[in-house]
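In: Turn this into a model:
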Amino acid sequence: MRAVLFFVAVYALAGCRGSVTDGPHQATGIKIGEITDSSAIIWVRLTRSIERVGIGAAVPDTLYIHPQSGELVQDPIWPRTPEDWVPVVNYPEGATIDNIEGAVPGAPGEVRVRYRAGMGAEWNSTPWVSVNGERDFAHQFFLANLESATPYEVITEGRHLGSSNVGSSMNGQFRTAPLANETARVVFAATTGQAYPDQDAPGGGFKIYPSILDLQPDFFVHTGDILYYDQWGKTLDLARWGWARIFSLPTNFEFHRQLASYFMKDDHDTFSNDSWPTMQSEFMGEFTFAQGQAVFLEQVPMSEKTYRTFRWGQNLQIWMTENRDYRSANTDPDGPEKTIWGAEQKAWFMETFLASDAAFRVLISPTPILGPYNEGEIDNHTNLDGFYHEGEELRAFLSMHDNVIVVSGDRHYQYVIEDARTGLREYATGPASDAHARGWDPEDIRPEHRYLNVIGGFLTVTAELQDDVPILIMRHHNVDGDIVNEDMLIANADETILQN
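Out: Numbers count the residues shown, from 1 in each chain. As a prediction, this is how the structure comes out:
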């Protein structure tokens, strides 16, 4: 279990070294990710101001040119994204990208990271690195040669170009993974669907984040839909504004300083609803699918590939897949060639999955593998008109192995589904807030449902030993952290028992 270091909640007062009034500042916080047993990535961004532009400031208004009448009209009802509706973004008088609500303009300067293994150890330091507007004034530091299963403190520092004085600093922490042959209790949390209008925390943000911190997990997985470009992300500048405004929210700001995360992307934080790389659409204006791919890599700590696997001790290995970059067009007829994952990713997954000797193997997917799914939706592996053929291939492969579960994002509600043919189970995390919960009739409980709840919250997964036997415990939580469903996978030498 990770050791928690408690920090004052407001950046301006939080363990700062040097003068925070000098700047440049770090008002979008830091992000810590891609943790292994010997490495981590620290994301740092410099900002002009010490805090975000507050609630009540102007926001742009997006209208659309109606394809038939040519008139400017309000946007269509989400999630409809008609390809021939052309957006027109209007800024209120005096408003710019730098002073609208939630804006956190970046600033040039230099950044570095200082880090040490626990309290009292000697500080290590990266070199100073300059940042500029090409990558939104952000930089990612790769820390190597770390000790396994060890808590680390970090301090990110910023200064003006050419200055020797530190103008801002911020404290953070993370814990490295245990070695693959080490027996360790490991807990992680996961959620999906974080929409800015659906905040539920007093003062701004989401209740799930302090609720997760209270449980002291080892790491966090955001399974995708970290933000929703569809109705407002019509330019590169607006896309970057969206990232800054959601990660500068108080709960998000504090959370990501104190817990390492793995970030995944889905349709809404790549481009638009149910999108794919070759999609032709005017709905997103100047913003392109390729820009969405690049902005994601710019805004989160990330290795070269967005599909990857991580080992956390003897009992747990996780796989996180990429569901947008390699997919065929959703509208293509289904068959052996139609794919979400792409041949290279699929081969990598099967090879690494077979090579793993972890007691439990967890596939984390941005979209469902099992379903059920609403009729007519073709963006996933579950429906006949979507990517069902590849879904059958994956379900057959996964079902050949014991001690396997699927964790799914995308769904705006929580569920546990058990495949009648194979016994494979899928756990939908649910969205980040109750206001974002929708998309399924709570009375429509089908035979495959072992749990169904149209609420916001998160999922935790715990790998540990019980009487020297590895167990995996899946718990659904509401936004306040209360347990609303619990499931257990027990691994024995001769059999696997799944309890609910």
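In: can we go C-alpha only for contacts and neighbour counts from here?
Out: Noted.
In: Spatially nearest residue to His139 (excluding sequence neighbours)?
Out: Residue nearest to His139 in three dimensions, not counting chain neighbours: Val44, with 5.5 Å by C-alpha to C-alpha, 6 or more residues apart in numbering.
In: Could you verify that the one you found is part of a strand?
Out: Yes. Under the criterion used here (DSSP: H, G, I helix; E, B strand; the rest coil), Val44 sits inside a strand.
In: Enumerate every residue touching it.
Out: 26, 29-31, 111, 138-140, 156 (C-alpha atoms under 8 Å, 6 or more residues apart in numbering).
In: What of Asn90?
Out: Residues counted as contacts of Asn90 (C-alpha under 8 Å, 6+ apart) are 60-63.
In: which ones are touching Ala290?
Out: For Ala290, the contacting residues are Pro277, taking C-alpha under 8 Å, 6+ apart as the criterion.
In: what about the strand or helix carrying it, average pLDDT?
Out: Element membership for Ala290 (DSSP states H and E) is helix 289-299. When pLDDT is averaged along helix 289-299, the result is 98.
In: May I see the buried residues of it?
Out: Of the residues in helix 289-299, those buried by neighbour count under the rule 16 or more other C-alpha atoms under 10 Å are 289, 292-293, 295-299.
In: Please apply the same query to stretch 374-386.
Out: Judged by neighbour count (16+ other C-alpha under 10 Å), stretch 374-386 contains these buried residues: 378-383, 385-386.
In: hang on, the earlier thing: can you list the contacts of Val44 in JSON lines and add distance to Thr367 and secondary structure?
Out: Output for these, formatted as JSON lines (distance: C-alpha to C-alpha, whole Å; DSSP: H, G, I helix; E, B strand; the rest coil):
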{"residue": "Gln26", "distance to Thr367": "33", "secondary structure": "coil"}
{"residue": "Gly29", "distance to Thr367": "28", "secondary structure": "coil"}
{"residue": "Ile30", "distance to Thr367": "27", "secondary structure": "coil"}
{"residue": "Lys31", "distance to Thr367": "24", "secondary structure": "strand"}
{"residue": "Val111", "distance to Thr367": "36", "secondary structure": "strand"}
{"residue": "Ala138", "distance to Thr367": "29", "secondary structure": "strand"}
{"residue": "His139", "distance to Thr367": "29", "secondary structure": "strand"}
{"residue": "Gln140", "distance to Thr367": "27", "secondary structure": "strand"}
{"residue": "Thr156", "distance to Thr367": "34", "secondary structure": "strand"}
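In: Ile369: which of the residues you listed is nearest?
Out: Ranking the contacts of Val44 by separation from Ile369, with C-alpha to C-alpha as the measure, puts Lys31 on top at 28.8 Å.
In: Hmm, Pro301 and the closest one touching each other?
Out: Yes. With contacts counted by C-alpha atoms under 8 Å, Lys31 reaches Pro301, the gap being 6.6 Å.
In: list residues touching both of these two?
Out: Overlap of the contact sets of Lys31 and Pro301 (by C-alpha under 8 Å, 6+ apart) consists of 42-43.
In: before we move on, back to that, what's the most distant pair in the buried residues of helix 289-299?
Out: Within these, two members stand farthest from each other by C-alpha to C-alpha: Phe289 and Gln299, at 15.5 Å.
In: quick one: pLDDT of the residue lying farthest from the centre of the chain?
Out: When distances to the mean C-alpha position of the chain are computed (C-alpha atoms, centre = their mean), the maximum falls on Ser69, with 39.9 Å. If you check Ser69, the pLDDT there is 92.
In: Helix, strand or coil: sort out it for me.
Out: Using three-state DSSP, the structure places Ser69 in coil.
In: Surely Trp348 is within a helix?
Out: Yes. Per three-state DSSP, Trp348 lies within a helix segment.
In: Can you give me the end-to-end span of stretch 362-369?
Out: One end of stretch 362-369 to the other measures 13 Å (C-alpha to C-alpha, to the nearest Å).
In: which ones are touching Pro342?
Out: Actually, residue 342 is Gly rather than Pro. With contacts taken as C-alpha under 8 Å, 6+ apart, Gly342 has the following neighbours: 326-327.
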